[in-house]
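Undergrad: got a structure for you, letters missing:
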């Protein structure tokens, strides 16, 4: 099987995965009220209070370890996608949920070791993180500390050669939710991360696309009654098709059916074209907008979005 190879140095992060979609399930709980100094969260943050509904969820979740996924079926159903971190040390799918919602997603990667060895890794999450290595359960780390990150260290025995690493990230989303995990490599021995791909995938093409999106930027912090231009360079000697997803940034996460406000526009860049003119700010309503650029190659979607390092929301205004 063909693989993409990425080095994993000491103190580096395992942030190359094939990931599933986030499975969501709205949960209903018995209504209850808080008592005491309930407004302390204004000074210390939401995490200081334990939601009574969350206690009910935790009692149920900690009694049962998530099932080991059938990645063969997920692959056949095209429900796995390659995650491109763009500087993010972990896997992040944070968002806003209007109602209490159970979240669960799976990730798969392969670690290559030149020798059989036991390696220490630091796990970091706010929810629950279950880890299997070579189909053996390593840990079920369940802090579930509502947007308050917790860490633990685990030792993972690695065989010489390829080692499968499977993770499950789950949590109970309550409005704004930090839903992510990080796995940090501790110690000195170098490892490799291997991501399986189809035989026809040209690693050089994929690398150029990733580098292209990694370098994208806007040349202004705000655009006022003018054309929006993105600093983006087509590195190929052929035309390149891409999509730009435009997402309003003002409380859209707090709106049910917010997807109706998200627009997608298609563009074609000529060979070695420098810069991409998107549209005029007067063509849409003023406000803050997130821009996600999507390139697709051999069925692999490469996205540079607002969760990526360096990407953010851009205010568009009229005179």
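TA: All right, it came through fine. Computed from a prediction, not measured in an experiment: that's the story for all the values here. Numbers count the residues shown, from 1 in each chain.

Undergrad: what's the single longest strand in this protein?
TA: Counting by DSSP state E, the longest strand found in the chain is strand 95-113.

Undergrad: my guess is residue 264 meets residue 242, correct?
TA: No. Contact criterion Cβ atoms under 8 Å: residue 264 and residue 242 do not qualify, at 10.8 Å. In this view, the C-beta of every residue, glycine as well, is placed from N, C-alpha and C.

Undergrad: So between the two, which is more surrounded?
TA: Taking other Cβ atoms under 10 Å, residue 264 and residue 242 do not tie; residue 242 has more neighbours (20 against 11).

Undergrad: where do the helices sit along the stretch 1-150 of the chain?
TA: For the stretch 1-150 of the chain, the helices defined by DSSP state H, counting those that start in this stretch cover 41-44, 52-61, 71-76.

Undergrad: and those, which one is worst for confidence?
TA: For those, mean pLDDT drops lowest on helix 41-44, to a mean of 64.

Undergrad: Where in this structure is the helix or strand with the lowest mean pLDDT?
TA: Lowest by mean pLDDT, DSSP states H and E among the helices and strands of the chain is helix 41-44, with a mean of 64.

Undergrad: Leaving out chain neighbours, which residue sits closest to residue 21?
TA: residue 79 (6.0 Å; Cβ to Cβ, 6 or more residues apart in numbering).

Undergrad: quick one: pLDDT of the one you found?
TA: Looking at residue 79, its pLDDT stands at 78.

Undergrad: And for residue 250?
TA: 55.

Undergrad: residue closest to the middle of this structure?
TA: residue 92 (3.1 Å; Cα atoms, centre = their mean).

Undergrad: That one pairs with what?
TA: Applying DSSP bridges to residue 92 yields these beta-bridge partners: residue 180.

Undergrad: just checking, it touches residue 182?
TA: No. If you go by Cβ under 8 Å, residue 92 and residue 182 don't touch, sitting 9.1 Å apart.

Undergrad: Residue 280: how many residues sit nearby?
TA: 13.

Undergrad: And it, how far from residue 316?
TA: Computed as Cβ to Cβ, to the nearest Å, the residue 280 to residue 316 distance reads 10 Å.

Undergrad: Between the two, which contacts overlap?
TA: residue 228 (Cβ atoms under 8 Å, 6 or more residues apart in numbering).

Undergrad: so who does residue 235 touch?
TA: For residue 235, the contact set (Cβ under 8 Å, 6+ apart) comprises 208, 211-212, 272.

Undergrad: how does it look with 7 Å?
TA: Remark: with contacts taken as Cβ atoms under 7 Å, 6 or more residues apart in numbering, residue 235 is in contact with 208, 212.

Undergrad: From the contact counts, what lies against the longest helix along the chain?
TA: Under DSSP state H, the helix in the chain containing the largest number of residues is helix 203-214. Applying 3 or more Cβ pairs under 7 Å, 6 or more residues apart in numbering; DSSP states H and E, we find helix 203-214 packed against strand 287-297, strand 300-304.

Undergrad: Which neighbours in the sheet does the helix or strand following it have, and how are they oriented?
TA: Later in the chain than helix 203-214, the nearest helix or strand by DSSP states H and E is strand 217-218. Note on strand 217-218: by DSSP bridges, its sheet partners are strand 227-233 (antiparallel).

Undergrad: Taking strand 287-297 as reference, get the angle to the strand it pairs with.
TA: 30 degrees (axes from the mean of the first three to the mean of the last three Cα atoms, to 10 degrees).

Undergrad: Which secondary structure elements does the next helix or strand after strand 227-233 sit against?
TA: Beyond strand 227-233 on the C-terminal side, the first helix or strand identified by DSSP H and E is strand 240-248. Counting contacts by 3+ Cβ pairs under 7 Å, 6+ apart, strand 240-248 is packed against strand 263-269, strand 287-297.

Undergrad: Now do the contacts for the nearest residue to residue 23 once chain neighbours are set aside.
TA: Closest residue in space to residue 23, ignoring its immediate chain neighbours: residue 104 at 4.6 Å, by Cβ to Cβ, 6+ apart. Shown in contact with residue 104 (Cβ under 7 Å, 6+ apart): 23, 66, 168, 170.

Undergrad: and which of the residues you listed is nearest residue 110?
TA: The closest of the contacts of residue 104 to residue 110 turns out to be residue 168 (Cβ to Cβ; 16.9 Å).

Undergrad: Show me the beta-bridge partners of that closest one.
TA: In this entry, residue 168 is beta-bridged to residue 106, residue 130, by DSSP bridges.
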